[in-house]
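1. Model the following, please.
(one chain, ligands or ions: 2)
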Amino acid sequence: MSLDITFLGTGSAYPSPARGASALVLRREGQCWLFDCGEGTQTQLMRSHLRAARITKIFITHLHGDHFFGLPGLLCTLSLQSNADPNKPPVDIYGPLGLRSFLWRSLELSHSQLLFPYTVHELVPTPDQCPAEEFKDFSGLDRDEATRQGPPGRVLHLDPGEDSYLLVEDEQLVVRAFRLFHRIPSFGFVLEEKPRPGRLNVQKLKDLGVQPGPLYGKLKSGTAVVLENGATISPADVLEAPIPGRKICVLGDCSGAPGAGAARLCHEADVLVHEATLDDTQQDKAREHGHSTPAMASEFAQLCGAKKLVLTHFSQRYKPAGQGGQGDADVTLLKRQAESALRGQEVTLAEDFMTIEIPLKK
Ligand SMILES: [Zn+2]
Ligand SMILES: [Zn+2]
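-> Ligands and ions are numbered 1, 2, ... in the order given. Prediction:
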């Protein structure tokens, strides 16, 4: 089962011809899940090999414009391209408290009526996710009569025991959010596939007298079987160790994380997407703005034992390799800084339209 991520925007603050504003698409089983939707994301989607109509879930890391100003426009265009279908499941949108009111008001004020339903599930941040003077409580936004007619959705509070928010869980995977520290509350998301049952040990099956056929399938799916001789074979007798699923972590803007949730949830991530807005020589400035440098991103990657670190959200001054003009900074400096902090482990710099495949574990 293929799983890949495609970067649609790797620049910070605003979209430029060299780098779009933040957005990436995770594709699995033919579904596209969009993480952040900066201004211009819909045109980046059109320029990519992805189909916007396949988007079924959208995750917004935080409410800075470069991460979600593209959302009302994208939804309107998706609606123009779709047919009214009462049975269509809603597009699920996850993001910080306030997102529901923003979306509903944007669509209402512009008289935009979507042909498909959508839900907005809001994450309630904690005050330690940003400097005290920046924290704003948006919990009252939905109290007036008008907004109460807005889209449905859950209000998700931090699970203090897990230090995370449970967003999605089905038979195959779990998606959780965790808290990050930024100028305003920011979140990271982790998608983790559940382990797949291990291979059947064919030699053992033969020794136990189980004939190839439907019984194999039952055991593989976790059901015990009874043989003609009355013996019961349980799956644990004949299955090898479960095969771990893949883990992808996408972090919003941050200069650290309150609590232990972030590092624990990202433990041994197959891919960790982390921002690196400025290079290491500007660490003070980066911290002041709630951002990270390559060394800071590497430190987090090391803390959680991530297998692959991908840096993104570069200041627009860092032009993509080979596109720089006079006076532009060289983005490969950020790669060198991160790799030196990780003692030579290879680090990837995201570029617009770059796709990274995450192979199934064997
Ligand atoms: Zn940003
Ligand atoms: Zn930000």
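
2. okay, CA-based contacts and neighbour counts for the rest of this
-> Noted.

3. hey, where'd the helices end up in the protein?
-> Remark: helices assigned in the chain by DSSP state H are 41-47, 65-68, 71-80, 99-109, 202-208, 214-220, 235-238, 261-265, 283-288, 294-304, 332-341.

4. Convert stretch 324-335 to CSV, retaining C-alpha atoms only.
-> Output of stretch 324-335 as CSV, limited to C-alpha atoms (Å, rounded to 0.1, in the frame of the first residue of the first chain):
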residue,chain,number,x,y,z
GLY,A,324,19.3,32.0,-6.4
GLY,A,325,20.2,35.4,-7.8
GLN,A,326,22.7,37.9,-6.5
GLY,A,327,22.1,38.7,-2.8
ASP,A,328,19.9,35.6,-2.2
ALA,A,329,21.0,33.2,0.6
ASP,A,330,21.9,29.6,-0.2
VAL,A,331,19.4,27.1,1.1
THR,A,332,21.9,24.3,1.1
LEU,A,333,23.5,26.0,4.1
LEU,A,334,20.5,24.8,6.1
LYS,A,335,21.1,21.2,5.0
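
5. Now do that stretch: everything it contacts.
-> Surrounding stretch 324-335, the residues in contact under the criterion CA atoms under 8 Å, 6 or more residues apart in numbering are 276, 278-280, 293-294, 317-321, 347-349.

6. Identify the residue spatially nearest to residue 307, adjacent ones excluded.
-> Spatially, and ignoring its direct neighbours in sequence, residue 307 is nearest to residue 270 (5.1 Å; CA to CA, 6 or more residues apart in numbering).

7. meant to ask about residue 44, not that
-> In space, and not counting its chain neighbours, residue 44 is closest to residue 8: 5.8 Å by CA to CA, 6+ apart.

8. same deal with residue 104?
-> Beyond its immediate neighbours in the sequence, the residue positioned closest to residue 104 (CA to CA, 6+ apart) is residue 150, lying 5.9 Å away.

9. sorry, back to before: OK, contacts around the residue nearest to residue 44?
-> If a contact means CA under 8 Å, 6+ apart, then residue 8 has 20-25, 41, 44-45, 48, 352-354 as its contacts.

10. Report the buried members of these.
-> 20, 21, 22, 23, 24, 25, 41, 44, 45, 48, 352, 353 (16 or more other CA atoms under 10 Å).

11. hey, what's the second one bridged with?
-> Okay, so that is residue 21. Residues found in beta-bridge contact with residue 21 (criterion: DSSP bridges) are residue 11.

12. Name all residues that make contact with it.
-> 8-15, 37-41, 66-67, 313.

13. returning to what we had before: need the helices of the chain in TSV with distance to residue 246, can you?
-> Rendered in TSV, the data for the helices of the chain read as follows (distance: least, CA to CA, whole Å):
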stretch	distance to residue 246
helix 41-47	25
helix 65-68	25
helix 71-80	28
helix 99-109	29
helix 202-208	26
helix 214-220	20
helix 235-238	23
helix 261-265	13
helix 283-288	31
helix 294-304	15
helix 332-341	23
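
14. Show me how the protein divides into domains.
-> Recorded structural domains for the chain (assignment: automatic domain parsing) are 3-196+243-357, 202-238.

15. for the ones you listed, which one ends up most surrounded?
-> Stretch with highest mean neighbour count among the domains of the chain: domain 3-196+243-357 (a mean of 19; mean count of other CA atoms under 10 Å).

16. Let me see the mean pLDDT of that one.
-> The predicted model gives domain 3-196+243-357 an average pLDDT of 95.

17. distance between the ends of it?
-> Using CA to CA, to the nearest Å, one end of domain 3-196+243-357 lies 6 Å from the other.

18. could you dump the contacts of stretch 324-335 to TSV with distance to residue 199?
-> Supplementary listing: the contacts of stretch 324-335 in TSV, determined by distance: CA to CA, whole Å:
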residue	distance to residue 199
276	41
278	46
279	46
280	46
293	43
294	40
317	50
318	47
319	47
320	44
321	44
347	33
348	33
349	36
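
19. Go through those and say which is closest to residue 3.
-> Nearest to residue 3 out of the contacts of stretch 324-335 is residue 348 (CA to CA; 17.6 Å).
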